[in-house]
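In: Below: sequence and its predicted model.
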Amino acid sequence: MMNQYYYFVASLPSLDFHKQATLSYPEFLKEAQRHLSASDFVFFAKATLSYDEINAPHPILQQWADINRRLKNEIVRFRSKKFSKDAADYLRGDSYVPLEAIDIVSQVAKLSNPLEAEKALDLFRWKKLDELLVGHSFDLEVLIVYALKLQILDRYQVLSSPQGQKMFERYGEIEIFEHIHV
């Protein structure tokens, strides 16, 4: 039987993409280590925004890696076309990219503000994470998705700091798709 984490999941504050979290990812990680079984924590600790292993050790990690990899592949295709490069040198996994990933990348390419472009891509990721929660309530999958969402929100807390603002002001002077986070 899969472990259920009723108390831990119920005690977590809700997350909203458009609001700062009241809990940081490092704080959440500490709490997770206290509440999760050792075997579940091994999977949980692998849940990072950049995770894209093709053969993930857990189904939810596999799904996240697939979403992330396909979105990155579409960004690579866009950049390659724009800079007359061969995308094949940079693609990972198979070549299939869902239409919704193609659509979001084409929308983001039209944005002139790099921070808004990042937010659009992360909002897409957030919505895909919500889709992964269907059929899950108090299990490890909920906690993995929560961890990934917290990492997204933590990024924006850093980016909204004075140092983060300066970085994006500098990027504002550069072609958006040259430096977008993948």
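Out: Cool, got the structure.
In: Now do the most centrally placed residue in the chain, the pLDDT please.
Out: In the chain, the centroid-proximal residue (C-alpha atoms, centre = their mean) is residue 49; its distance is 4.2 Å. Predicted confidence (pLDDT) for residue 49: 90.
In: Please report the distance of it from residue 34.
Out: According to C-beta to C-beta, to the nearest Å, residue 49 and residue 34 sit 23 Å apart. Bear in mind the C-beta positions are built from the backbone N, C-alpha and C, glycine included.
In: before we move on, the earlier item: just give the nearest non-adjacent residue to the residue nearest to the centre of the chain, would you?
Out: Distances taken as C-beta to C-beta, 6 or more residues apart in numbering place residue 151 nearest to residue 49, at 4.9 Å, with adjacent residues excluded.
In: Which helix or strand contains residue 32?
Out: helix 25-35 (DSSP states H and E).
In: other SSEs contacting that helix?
Out: In terms of contacts (3 or more C-beta pairs under 8 Å, 6 or more residues apart in numbering; DSSP states H and E), helix 25-35 is packed against helix 6-11, helix 38-44, helix 140-159.
In: how much does the last one deviate in direction from helix 25-35?
Out: The reference is to helix 140-159. 160 degrees (axes from the mean of the first three to the mean of the last three C-alpha atoms, to 10 degrees).
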